[in-house]
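Trainee: I would like to see how this sequence folds:
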Amino acid sequence: MKMILSKVADWFWTLLNHRRLIKFYKAELMKPYEVRIQELQLRHDEMIIKHDSPILRIMAGGFIKAMKNLPAENYMVLTFDDGVGFYDVTVQRKMGETPLDQLTAAKKRIAELERQLKATEP
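Mentor: Residues are numbered from 1 along each chain as shown. Below you'll find the model as predicted:
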């Protein structure tokens, strides 16, 4: 009888240790996917994120690689769906022109060409 109780006790002890180990390793395996933001600065047209998150580094690296491999010179637009609506997020080169910058420049150029056209009319 002692031997049976000892084996049952050993089995429970093993079960508890395995559960502790599983919990520990699950937490360790999830660490790269944690989003750890140290500082978040919101400005009029940009958000600066200081972080210590492997998953954010991987995501940012993917954006940078896409910018280098796509014909996108200044920016690319990513569309996200939260199940309720779609959201566009623009990723741009720091020194590149935004879509608004390009639109503003195009409107100025159109206005300039219209002035020149009117000046040449009799």
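Trainee: strands of this structure, start to end?
Mentor: Under the criterion DSSP state E, the chain contains strands at 37-42, 47-51, 75-81, 86-92.
Trainee: run the chain-centre distance for stretch 59-67.
Mentor: Here the centre of stretch 59-67 is set off from its chain's centre by 9 Å, with Cα atoms, centre = their mean, to the nearest Å.
Trainee: what comes up buried for that stretch?
Mentor: Met67 (16 or more other Cβ atoms under 10 Å). Using the backbone N, CA and C atoms, a C-beta is placed for each residue, glycine as well.
Trainee: hmm, back to that, mean pLDDT for the strands of the chain: which is lowest?
Mentor: Per-stretch mean pLDDT for those is lowest at strand 47-51 (a mean of 82).
Trainee: mean neighbour count and distance to Leu117 for the strands of the chain - can I get that in TSV?
Mentor: Compiled in TSV, the strands of the chain are given as follows (neighbours: other Cβ atoms under 10 Å; distance: least, Cβ to Cβ, whole Å):
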stretch	mean neighbour count	distance to Leu117
strand 37-42	9	43
strand 47-51	11	42
strand 75-81	11	31
strand 86-92	12	33
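Trainee: reformat those into a markdown table and put distance to Ala66 next to each item.
Mentor: Shown next, in a markdown table, are those (distance: least, Cβ to Cβ, whole Å):
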| stretch | distance to Ala66 |
| --- | --- |
| strand 37-42 | 23 |
| strand 47-51 | 18 |
| strand 75-81 | 6 |
| strand 86-92 | 8 |
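Trainee: quick one: closest of these to Gln116.
Mentor: strand 75-81 (29.8 Å; Cβ to Cβ).
Trainee: nearest the middle, which residue of the chain would you pick?
Mentor: Central residue of the chain (Cα atoms, centre = their mean): Met59, 5.1 Å from the mean position.
Trainee: give me the distance between it and Ser53.
Mentor: 9 Å (Cβ to Cβ, to the nearest Å).
Trainee: what sits against the residue nearest to Gln38 when sequence neighbours are not counted?
Mentor: Nearest residue to Gln38 in three dimensions, chain neighbours excluded: Lys50, at 4.7 Å (Cβ to Cβ, 6 or more residues apart in numbering). Counting by Cβ atoms under 8 Å, 6 or more residues apart in numbering, Lys50 touches Ile37, Gln38, Glu39, Leu40.
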